[in-house]
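Q: Sharing a model that was predicted from the sequence below.
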Amino acid sequence: MINYITLGTNDLAKSAEFYDQLLAEFGASRVMASERMVFWMVEGGGPGISVCIPADENKATVGNGSMVALAAENTEKVDSIYQKAIALGAQCEGKPGKRGDMSYAAYFRDLDGNKINAICYV
């Protein structure tokens with residue numbers, strides 16, 4: 001159902017470097033880059049993620065209550081994505097662990113403060 005998600009950034013180069021490394025954990029790579037946006041997808045298509053400097057030229061801000069959930073195939077992948085994000089400078093919003101009866105997840109904020117979740121269903 002989701003084609004792609006765009007997150008605002010105030011430092012495109014720094015954000016692109018963060019996501020280059022984080023999204024490589026999913027096998028995703030850059031498919032497009034310009035002076036104000038970078039876009040990643042996995043080979044063969046599917047949902048993508050982009051970061052951009054806002055078109056209105058105002059400061060990028062974090063959506064209160066907004067979150068992007070990244071699908072991981074298992075708990076080990078959730079752990080590795082979380083560890084990679086923290087190593088790249090992300091801030092912890094919830095260490096990896098069981099969430100309810102059906103999921104295992106970890107939460108973090110990227111370098112611009114966007115809330116990201118790595119999740120799998122168990």
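A: Structure received. Everything numeric in this text was worked out from a predicted model, so none of it was measured. Numbering: from 1, shown residues only.

Q: residue farthest from the centroid of the protein?
A: Distance from the centre of the chain peaks at residue 101, with 24.1 Å (Cα atoms, centre = their mean).

Q: residue ranges with poor pLDDT in the protein?
A: 1 (pLDDT under 70).

Q: returning to that earlier point: who touches the residue farthest from the centre of the chain in this structure?
A: By Cβ atoms under 8 Å, 6 or more residues apart in numbering, residue 101 lies in contact with nothing. No exception for glycine: its C-beta is placed from N, CA and C like everyone else's.

Q: now do the one 4 residues further on
A: Contact analysis of residue 105 by Cβ under 8 Å, 6+ apart lists 78, 94, 96, 97, 99, 117, 118, 119, 120.

Q: The residue lying closest to residue 25 once chain neighbours are set aside sits in which helix or strand?
A: Taking Cβ to Cβ, 6 or more residues apart in numbering as the measure, residue 25 lies nearest to residue 81, with 5.2 Å between them; neighbours along the chain are not counted. Assessed by DSSP states H and E, residue 81 sits inside helix 75-87.

Q: CA atoms of that helix as PDB?
A: These are the backbone C-alpha positions of helix 75-87, laid out as PDB (Å, rounded to 0.1, in the frame of the first residue of the first chain):
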ATOM      1  CA  THR A  75      14.300 -10.400  15.800                       C
ATOM      2  CA  GLU A  76      18.100 -10.500  15.000                       C
ATOM      3  CA  LYS A  77      17.500  -8.100  12.100                       C
ATOM      4  CA  VAL A  78      15.600  -5.700  14.400                       C
ATOM      5  CA  ASP A  79      18.600  -5.900  16.800                       C
ATOM      6  CA  SER A  80      21.100  -5.200  14.100                       C
ATOM      7  CA  ILE A  81      19.100  -2.300  12.600                       C
ATOM      8  CA  TYR A  82      18.800  -0.700  16.100                       C
ATOM      9  CA  GLN A  83      22.500  -1.200  16.800                       C
ATOM     10  CA  LYS A  84      23.500   0.300  13.500                       C
ATOM     11  CA  ALA A  85      21.200   3.300  14.000                       C
ATOM     12  CA  ILE A  86      22.600   4.000  17.400                       C
ATOM     13  CA  ALA A  87      26.200   3.600  16.200                       C
END
